[in-house]
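Engineer: the following comprises the amino acid sequence and a computationally predicted model.
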Amino acid sequence: MPRYKLVNGERIQFTAEEEAQRDQEEADWESGAFDRALEKLRNDRNKLLADSDWEVTMAKEKGTNLSSAFKTWRQDLRDITEGLTTVEEVEGVVFPEKP
């Protein structure tokens with residue numbers, strides 16, 4: 001299917017070179033989909049960890065222990081990206097519930 005561009009309000013079909021360039025741009029974008037999805041997942045995960053860091057700090061300052069459920073939750077967050085190989089797997093990740 002041919003592609004078109006607007007030049008001074010006129011619809012003009014892409015040249016073969018423009019078609020090839022656009023195909024390459026689309027292929028490059030698609031090949032980076034997994035990395036973009038994984039980066040978003042890591043950013044979301046890192047926010048959850050950062051938001052709970054104060055609890056770790058407070059426990060250390062008070063000399064108290066964190067619950068094993070809390071420790072497990074944080075470890076599960078850190079491990080959440082392991083073994084993911086497709087965009088679908090990354091997008092299907094469900095974060096564990098904070099205890």
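Structural biologist: On my side now, so go ahead.

Engineer: which ones are touching the residue nearest the centre of the chain?
Structural biologist: Here the mean C-alpha position of the chain is nearest to the C-alpha of residue 40 (C-alpha atoms, centre = their mean), at a distance of 2.1 Å. In this structure, residue 40 makes contact with residue 90, judged by C-beta atoms under 8 Å, 6 or more residues apart in numbering. The way it works is simple: take the backbone N, C-alpha and C, and place the C-beta from them, glycine included.

Engineer: helix or strand with the lowest mean pLDDT in the protein?
Structural biologist: helix 16-31 (a mean of 87; mean pLDDT, DSSP states H and E).

Engineer: which residues touch stretch 11-29?
Structural biologist: If you take C-beta under 8 Å, 6+ apart as the criterion, stretch 11-29 is touched by 2, 3, 4, 5, 6.

Engineer: mind listing the residues bridging to the fourth one?
Structural biologist: When you say that, I think you mean residue 5. According to DSSP bridges, residue 12 are recorded as the beta-bridge partners of residue 5.

Engineer: count the residues that sit near residue 62.
Structural biologist: For residue 62, the number of neighbouring residues by other C-beta atoms under 10 Å comes to 8.

Engineer: swap in residue 81?
Structural biologist: Residues contacting residue 81 under the criterion other C-beta under 10 Å number 14.

Engineer: so it sits right up against residue 41, yeah?
Structural biologist: Yes: Residue 81 sits in contact with residue 41 when judged by C-beta atoms under 8 Å, with a separation of 6.2 Å.

Engineer: which residues do these two both contact?
Structural biologist: By the contact definition C-beta under 8 Å, 6+ apart, residue 81 and residue 41 are jointly contacted by residue 90.

Engineer: tell me the buried residues in the helix or strand harbouring residue 55?
Structural biologist: Using DSSP states H and E, residue 55 falls within helix 33-62. Within helix 33-62, the residues that count as buried by 16 or more other C-beta atoms under 10 Å are 34, 37, 38, 41, 45, 52.

Engineer: what about the residue nearest to the second one when sequence neighbours are not counted, how many neighbours?
Structural biologist: When you say that, I think you mean residue 37. Once flanking residues are discounted, residue 37 sits nearest to residue 90: 4.1 Å by C-beta to C-beta, 6 or more residues apart in numbering. With neighbours defined by other C-beta under 10 Å, the count for residue 90 comes to 21.

Engineer: please consider this matter closed, and thank you.
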